[in-house]
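Participant: Sequence first, predicted model second:
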Amino acid sequence: MLVAAAVCPCPPLLVPEVAAGAADELDALRAACTDALGVLAAARPDLLVVVGPAEQAGRGPHPQGTRGGFGRFGVDVGVRLGTGEPGERELPPSLAVAAWLLERTGWADAPIEGLGVGEPLETARCLDVGREIAARAARVGMLVMGDASACRTLKAPGYLDERAAPFDAEAARALGAADLTAIKNLDAELAYELKAGGRAPWQVLAGAAENADLAGALLYDDAPYGVGYLVAAWS
């Protein structure tokens with residue numbers, strides 16, 4: 001059963017070496033992620049499952065010990081998803097950011113597994129995946145990675161789309177309230193058009209939380225680069 005969850009965005013810019021001269025601009029976001037992970041750790045799960053968006057090559061399970069890094073972003077920073085023997089696969093960027101966050105906070109309390117999900121994954125399948133995750137152990141924790149829309153400003157990666165701010169506002173409200181119905185009802189097609197990579201992972205979380213009766217708290221809601229970044233903690 002799911003006992004706690006942390007929801008964090010996954011921009012590689014969270015890693016200071018990637019952000020370089022702009023590293024200080026995301027200090028508040030990093031602090032919020034640390035707080036969310038603190039709530040997750042306090043629940044003492046038997047198993048931590050990290051879920052994040054992934055391109056085709058990074059989809060599917062990533063066992064404990066899987067390595068990743070940020071070489072594609074021009075920095076030599078490597079990460080590892082918990083301890084264990086590294087396999088042949090490499091973590092997708094979202095799970096590499098998650099691994100960096102976990103290493104930064106010194107997480108070592110429970111076995112860790114990763115799951116990369118495709119952005120187009122239909123809602124019903126997301127919910128089923130979440131239910132399967134919740135059944136994996138008596139006390140399951142989830143670290144759910146994913147950004148909101150990438151269309152909040154003219155300089156955003158997806159340019160300005162007037163639908164982006166309302167979409168993000170509803171996502172923020174739903175995640176902050178642990179409103180499972182609202183999360184399940186997020187429009188998958190609209191999320192795809194707005195480049196909101198968090199939609200599928202959030203709906204996996206909604207499936208996992210169906211019988212958990214968790215309360216939520218929104219810890220961060222901003223779009224510093226025209227991309228919506230949301231942090232929430234459920235317990």
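Facilitator: Cool, the structure landed.
Participant: tell me the contacts of the residue nearest to the spatial centre of the chain?
Facilitator: Centrality entry for the chain: nearest residue to the mean C-alpha point is Met145, 0.7 Å, by Cα atoms, centre = their mean. For Met145, the contacting residues are 8-10, 50-53, 94-95, 97-98, 198, 201, by Cβ atoms under 8 Å, 6 or more residues apart in numbering. For the C-beta atoms, the positions are set from N, CA and C on the backbone; glycine is no exception.
Participant: Show only the entries of those residues found in helices.
Facilitator: 94-95, 97-98, 201 (DSSP state H).
Participant: Taking those together, which two end up most distant?
Facilitator: Farthest-apart pair in these is Val97 and Pro201; separation 12.4 Å (Cβ to Cβ).
Participant: do you know how far Glu90 is from Ala19?
Facilitator: Distance of Glu90 to Ala19, given as Cβ to Cβ, to the nearest Å: 22 Å.
Participant: Pull the number of nearby residues for Gly68.
Facilitator: By the criterion of other Cβ atoms under 10 Å, Gly68 has 26 neighbours.
Participant: what do you get for the one 3 residues further on?
Facilitator: Look at Gly71: counted by other Cβ under 10 Å, it has 11 neighbours.
Participant: what about stretch 180-187, distance to the chain center?
Facilitator: Chain-centre distance of stretch 180-187: 16 Å, with Cα atoms, centre = their mean, to the nearest Å.
Participant: Show me the contact partners of the helix-or-strand element of the chain with minimal mean pLDDT.
Facilitator: Ranking every helix and strand in the chain by mean pLDDT, DSSP states H and E puts helix 16-19 at the bottom, with a mean of 90. By Cβ under 8 Å, 6+ apart, the surrounding residues in contact with helix 16-19 are 12-13, 23, 25-26, 70, 73-75, 77.
Participant: Now render those as TSV, adding secondary structure, neighbour count and distance to Leu121.
Facilitator: Shown next, in TSV, are the contacts of helix 16-19 (DSSP: H, G, I helix; E, B strand; the rest coil; neighbours: other Cβ atoms under 10 Å; distance: Cβ to Cβ, whole Å):
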residue	secondary structure	neighbour count	distance to Leu121
Pro12	helix	19	22
Leu13	helix	21	25
Ala23	helix	15	33
Glu25	helix	12	31
Leu26	helix	22	28
Phe70	coil	19	25
Phe73	helix	16	25
Gly74	coil	10	30
Val75	coil	16	30
Val77	coil	16	29
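Participant: Serialize those to TSV and add fields for pLDDT.
Facilitator: Shown next, in TSV, are the contacts of helix 16-19 (pLDDT from 0 to 100):
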residue	pLDDT
Pro12	95
Leu13	94
Ala23	70
Glu25	87
Leu26	94
Phe70	93
Phe73	88
Gly74	86
Val75	90
Val77	92
